[in-house]
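**Q** coordinates only, sequence not included:
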């Protein structure tokens, strides 16, 4: 096997980032690459290697992005004439996602988030932390591999794909108003898990607000409030354990 490919694959596996391997498994007629050509497509759009460039590679990368989001491998057939390539032949690509389906986005980098992050990293989740306060959105406060962004909730929500079926979203901002805004941004979207750190009173208020703003009962019911399993937790460390336990449970249900 090509040493460059092995090095690219090792790098991808150690990066902690979601990616997909793309392998050409069949060709016919005139085609830019032959069976066995490989490349790696990362969830952020970056690549390693090539399977031909041009429209065929664009099509494969588009389909790889879908596979990374939903976590399912796919075998795709492409007639090159259909994608405006003059070769006249065709290719079949096998797209296999890796490191997907366990992406956690935490809105709010406070004490519970900082206690939770090391647990989730050790448990195999890939973590992105978002806070609009520069002093809290500090990468030095989190384990290696955690993506930390200083961003508004609005910008963070807009930057994520509409289909979040491979994502867990945790809302634990610095105030009720921001928590409500975050919940409204995600309650109507396809999310594997949406949880809000809230007291029972706050949870009732949020459900009432979502209902008044026209959210469907099913969408409201999917918002987990209070977040975490019930273990009598009160300290940031205890709450972090309860949240991690709930995410493990959801991951097991949908594995």
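**A** Good, I have the coordinates. Quantities reported herein were computed from a predicted structural model and do not represent experimental measurements.
**Q** Give me the next element, helix or strand, following the least confident helix or strand in the chain by mean pLDDT.
**A** Here the helix or strand of the chain ranked lowest by mean pLDDT, DSSP states H and E is helix 3-15, holding a mean of 81. The C-terminal neighbour of helix 3-15 among helices and strands, as given by DSSP states H and E, is strand 19-28.
**Q** Let me see the mean pLDDT of that next one.
**A** Averaging pLDDT along strand 19-28 gives 91.
**Q** Adjacent strands (with direction) for that strand?
**A** If you go by DSSP bridges, strand 19-28 pairs up with strand 38-42 (antiparallel), strand 90-98 (antiparallel).
**Q** angle of the helix or strand in which residue 57 is found against strand 38-42?
**A** Using DSSP H and E, residue 57 sits in helix 54-70. Angle, helix 54-70 to strand 38-42, by axes from the mean of the first three to the mean of the last three C-alpha atoms, to 10 degrees: 50 degrees.
**Q** If you count neighbours, what's buried in helix 54-70?
**A** Residues 55-57, 59-61, 63-65, 67-69 are the ones in helix 54-70 that count as buried (16 or more other C-beta atoms under 10 Å). For glycine as for every other residue, the C-beta is placed from the backbone atoms N, C-alpha and C.
**Q** likewise stretch 155-165?
**A** Under the neighbour-count criterion of 16+ other C-beta under 10 Å, stretch 155-165 has 156-157, 160, 164 buried.
**Q** now do the same end-to-end measure for that stretch.
**A** Start-to-end span of stretch 155-165 (C-alpha to C-alpha, to the nearest Å) is 19 Å.
**Q** for the record, mean pLDDT for it?
**A** Mean pLDDT, stretch 155-165: 81.
**Q** cool, stretch 236-248 as well?
**A** Averaged across stretch 236-248, pLDDT comes to 95.
**Q** For it, buried residues please.
**A** Going by neighbour count (16+ other C-beta under 10 Å), the buried part of stretch 236-248 is 239-248.
**Q** which ones among the residues you listed are found in helices?
**A** With DSSP state H as the criterion, helices contain 239-248 from among the buried residues of stretch 236-248.
**Q** for the residues you listed, which one is nearest residue 174?
**A** residue 239 (15.3 Å; C-beta to C-beta).
**Q** what's the spacing between that closest one and residue 114?
**A** Distance, residue 239 to residue 114, by C-beta to C-beta, to the nearest Å: 12 Å.
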